[in-house]
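Undergrad: When you get a sec, could you give me coordinates for this:
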Amino acid sequence: MITKSEYLRIARFALVLFLMLAFSYGVQVGLFDFPPEQNLLTKAYLFNGFFALASFVVLVLLSRMFPGITGFAFMIGSGLKFLVFFSVFYPVYHADGQISSIEFASFFVPYAIALCVELLLFIKN
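TA: Sure, this is the predicted structure:
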């Protein structure tokens, strides 16, 4: 059972995360010209946002029930993100034989933002 304080913690995390990601998405769309046929920007932001939210919920629950394995759970979550990147996003980005800086930024900017928000708000409490 999730307590009221855990609900509030998760809601605050979700609000901060999605505001930061929305702002970053707007900046990236405004600065770069993404080709529509390979535009995985929206999918990368959605994936990183929802996966970070799910990971945060798991970490909050594990920190209460099994505090000793919270760090391992965090590392497993990060590993799963990279697994999805290399199985879903990488083949599309590398289809022309190289990954441009725009393609690199389209996945790793939302990844870095989600990771930083997740770490900062989890450690804060």
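Undergrad: Okay, buried residues for the lowest-mean-pLDDT helix or strand in the chain please.
TA: The helix or strand of the chain with the poorest confidence is helix 90-93; it has a mean of 83 (mean pLDDT, DSSP states H and E). Within helix 90-93, the residues scored as buried using 16 or more other CB atoms under 10 Å are Tyr93. Bear in mind the C-beta positions are built from the backbone N, C-alpha and C, glycine included.
Undergrad: any low-confidence regions in this protein?
TA: 34-38, 125 (pLDDT under 70).
Undergrad: any chance you could map the helices in it?
TA: 4-31, 41-65, 70-84, 90-93, 101-124 (DSSP state H).
Undergrad: Disregarding flanking residues, what is the spatial nearest neighbour of the most centrally placed residue in the chain?
TA: Centroid check for the chain by CA atoms, centre = their mean gives Asn48 as the closest residue, at 2.8 Å. In this structure, Asn48 finds its nearest non-sequential neighbour in Pro110, 4.1 Å apart by CB to CB, 6 or more residues apart in numbering.
Undergrad: Val60 too?
TA: Glu6 (5.4 Å).
Undergrad: now the one you found: how far from Arg12?
TA: With the distance defined as CB to CB, to the nearest Å, Glu6 ends up 11 Å from Arg12.
Undergrad: Which one's more surrounded, the two?
TA: Neighbour count, other CB atoms under 10 Å: between Glu6 and Arg12, Glu6 has more, with 16 against 13.
Undergrad: residues touching that one, list them.
TA: With contacts defined as CB atoms under 8 Å, 6 or more residues apart in numbering, the neighbours of Glu6 are Val60, Leu61, Arg64.
Undergrad: list the contacts for the first one?
TA: I take that to be Val60. Here Val60 is in contact with Ile2, Glu6, Arg9, Ile10, Phe122 (criterion: CB under 8 Å, 6+ apart).
Undergrad: quick one: which of those residues has the most company?
TA: Counting by other CB under 10 Å, top hit in those: Arg9 with 19 neighbours.
Undergrad: how many neighbours does the residue nearest to Gly77 when sequence neighbours are not counted have?
TA: Of all residues not flanking Gly77 in the chain, Ser55 sits nearest, at 4.0 Å (CB to CB, 6+ apart). Ser55 has 21 neighbours, counted by other CB under 10 Å.
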